[in-house]
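Participant: this is a predicted model, with the sequence first.
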Protein chains: 2
Amino acid sequence: MNLTSINNEKVKMWEKLKQKKYRDEYQLFLIEDDHLINEALKYNTLKEIITIDQNKKYDIPTYYVNDKIMKKISDQKSSANTIGVSNMLKTRDVLGNIIILDNIQDPGNLGTIIRSAVAFNFDSIILSDNTVDLYNPKVIRASEGMIFNINIIRCNIKEFIKKLSKDYLIIGTNVKNGIDIRQIEFKKCAIVIGNEGMGLSDDVKKLCDKFAYIKMNDKCESLNAGVSASILMYEVNHE
Amino acid sequence: MNLTSINNEKVKMWEKLKQKKYRDEYQLFLIEDDHLINEALKYNTLKEIITIDQNKKYDIPTYYVNDKIMKKISDQKSSANTIGVSNMLKTRDVLGNIIILDNIQDPGNLGTIIRSAVAFNFDSIILSDNTVDLYNPKVIRASEGMIFNINIIRCNIKEFIKKLSKDYLIIGTNVKNGIDIRQIEFKKCAIVIGNEGMGLSDDVKKLCDKFAYIKMNDKCESLNAGVSASILMYEVNHE
């Protein structure tokens, strides 16, 4: 179907999806760029597609729009030429190793962590209620489409950690007084990563069984949160 | 000294330093926020300080300005309250392990790599001519002040690699056909990291002795460039 008016109700709704509030309300989010849309198509999460390219054909409802409309919907400066409207991702119970994020705020860090979690065979990612929105376009872009390849749950992480079965070792991170990650033995683990500036919240710290650190020069106070999380998951994957 | 007019020549010059062209011309760059300025003060790189806080005293020329001027100079949305004007960083010959960046474009990735390089005891970072500007405010912020703790050289990396002494092993990265980084033995090494989208340029590939890869699930095509670089340096530091 062709849409030409920026006042069309559909267009208005799509534009609203740039805001978290409306993503939650409609239970939909936007995916920009072909390679991410191709991932979404594989996983059947798309409801409809919006494109400026009349030559593109898809098996799901497709709306052909002009540049002006695309510019309104796209999150990028040089706007996308195709955008997918996706249903929220399904979740399931956790099985293997998990990484828990306590108030991660930077969308780039969250995207990077999702990408690394898939790379290092983690089963699930748990987001605290106050962590940046998974469906933020910058998160999706930084994840390079890996959001479809892993189970991602948003919840109250304190309650979640308390309910984790006994075969999980809960590993917090501590730059100064931890155990070298290579010295920790575990069957299944849940690594907990804290906020970029403030680290783990005190309540969450109390729930950890052990604290790991990454051996580093003390000129450097800490690593980027995405990097720390990735190195810890890399090490767990090497066990 | 108090400055109140946004048309003051000093103010105009500081504002220009937001652009690479003028940073190169004046051989100066801006550093925002107290913790980064404190780092710069330790290393004596500051020429002058601009602040809106009349209570702050420094041993170097200090300009007290109003919010309007600060807003013009600061790179951040909620502008800084103090900005340092710094001389360019000095460089020296390379000694220990080095990391070479071939066309890294994302300022966050460059900052993250600088931070990790200090953490993992690397001696130097070599930036290809087309890598993002070291003095870009986003790079400095992401480096968390670590730019002062490591030798950073911008040059033609092809010429540079050719001239590296024989005791360096040049390690490229290859997601598919490399050797597990843990299997590589070396005395001193130079790790080469490619562009975010395109990887290493062909000319640079030819100059590598070996290619390393990081063991990962093949659902994931590649890691974030800052993460790959960090994991490789982490491993080298563990040798």
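Facilitator: Done, it's in. Numbering: from 1, shown residues only, chains lettered A, B, ... in the order given.
Participant: what is the helix or strand bottoming out on mean pLDDT in chain A packed up against?
Facilitator: Using mean pLDDT, DSSP states H and E, strand A:179-180 stands out as the lowest-scoring helix or strand of chain A, at a mean of 76. Contact here means 3 or more C-beta pairs under 8 Å, 6 or more residues apart in numbering or on different chains; DSSP states H and E; on that basis strand A:179-180 packs against strand A:210-213. Glycine gets a C-beta too; all of them are placed from N, C-alpha and C.
Participant: run me through the strand neighbours of the strand it packs on, direction for each.
Facilitator: Sheet pairing of strand A:210-213 (DSSP bridges) gives strand A:168-173 (parallel), strand A:179-180 (parallel).
Participant: mean pLDDT lowest for which of those strands?
Facilitator: Confidence, taken as mean pLDDT, is least for strand A:179-180 of the strands paired with strand A:210-213 (a mean of 76).
Participant: how far out from the middle of the chain is it?
Facilitator: Offset of strand A:179-180 from its chain centre (C-alpha atoms, centre = their mean, to the nearest Å): 27 Å.
Participant: is chain B contacted by the helix or strand following it?
Facilitator: Moving toward the C-terminus from strand A:179-180, the next helix or strand (DSSP states H and E) is strand A:188-193. No - Strand A:188-193 does not reach chain B (C-beta under 8 Å from any C-beta of the partner chain); its nearest approach is 13.4 Å.
Participant: direction included, what does strand A:188-193 pair up with?
Facilitator: Short version: by DSSP bridges, strand A:188-193 pairs with strand A:98-101 (parallel), strand A:168-173 (parallel).
Participant: tell me the buried residues in the longest one?
Facilitator: The one in question is strand A:168-173. Of the residues in strand A:168-173, A:168, A:169, A:170, A:171, A:172, A:173 count as buried by neighbour count, 16 or more other C-beta atoms under 10 Å in any protein chain shown.
Participant: where do the strands sit along chain A?
Facilitator: A:28-32, A:46-51, A:62-64, A:82-87, A:98-101, A:124-128, A:151-155, A:168-173, A:179-180, A:188-193, A:210-213 (DSSP state E).
Participant: would you tell me which of those gets closest to residue B:22?
Facilitator: Proximity to residue B:22 (C-beta to C-beta) singles out strand A:28-32 among those, at 33.7 Å.
Participant: paired strands for that closest one, with orientation please.
Facilitator: The pairing partners recorded for strand A:28-32 under DSSP bridges are strand A:82-87 (antiparallel).
Participant: still on that earlier bit, point out the most buried one among the strands of chain A.
Facilitator: Of all those, strand A:98-101 has the most neighbours on average by mean count of other C-beta atoms under 10 Å in any protein chain shown, namely a mean of 27.
Participant: how far does it sit from the chain's center?
Facilitator: Relative to its parent chain, strand A:98-101 has a centroid offset of 11 Å by C-alpha atoms, centre = their mean.
Participant: same thing with stretch A:224-234?
Facilitator: Using C-alpha atoms, centre = their mean, the offset of stretch A:224-234 from its chain centre is 14 Å.
Participant: stretch A:144-161 now?
Facilitator: That offset, for stretch A:144-161, works out to 7 Å (C-alpha atoms, centre = their mean).
Participant: that stretch vs chain B: in contact?
Facilitator: Yes - Stretch A:144-161 is in contact with chain B by C-beta under 8 Å from any C-beta, via A:144, A:146, A:149.
Participant: related to what we said a few turns ago, so which of the strands paired with strand A:188-193 gets nearest residue A:208?
Facilitator: Once the strands paired with strand A:188-193 are compared by C-beta to C-beta, strand A:168-173 is nearest, at 3.5 Å.
Participant: wait, residue A:53 sits on residue A:82?
Facilitator: Yes - using C-beta atoms under 8 Å, residue A:53 is in contact with residue A:82, at 6.5 Å.
Participant: once you drop chain neighbours, what's closest to residue A:27?
Facilitator: residue A:88 (5.1 Å; C-beta to C-beta, 6 or more residues apart in numbering or on different chains).
Participant: hang on, I meant residue A:212
Facilitator: Using C-beta to C-beta, 6+ apart, the nearest residue to residue A:212 is residue A:181, at 4.4 Å.
Participant: can you list contacts of the least confident helix or strand of chain A?
Facilitator: Strand A:179-180 is contacted by residues A:210, A:211, A:212, A:213, A:214, A:215 when judged by C-beta atoms under 8 Å, 6 or more residues apart in numbering or on different chains.
Participant: residues near the last one, how many?
Facilitator: The one in question is residue A:215. Per other C-beta atoms under 10 Å in any protein chain shown, the neighbour tally for residue A:215 reads 14.
Participant: does it really touch residue B:237, like I thought?
Facilitator: Yes - look at residue A:215 against residue B:237 with C-beta under 8 Å: they come within range, at 7.1 Å.
Participant: what does the pLDDT read for the residue lying closest to residue A:74 once chain neighbours are set aside?
Facilitator: Distances taken as C-beta to C-beta, 6+ apart put residue A:80 closest to residue A:74, at 4.7 Å, once the chain neighbours are dropped. With respect to pLDDT, residue A:80 has a value of 81.
Participant: which parts of chain A sit against chain B?
Facilitator: A:108, A:111-112, A:115-116, A:118-121, A:142, A:144, A:146, A:149, A:182, A:214-217, A:219-224, A:226-227, A:230-231, A:234, A:237-238.
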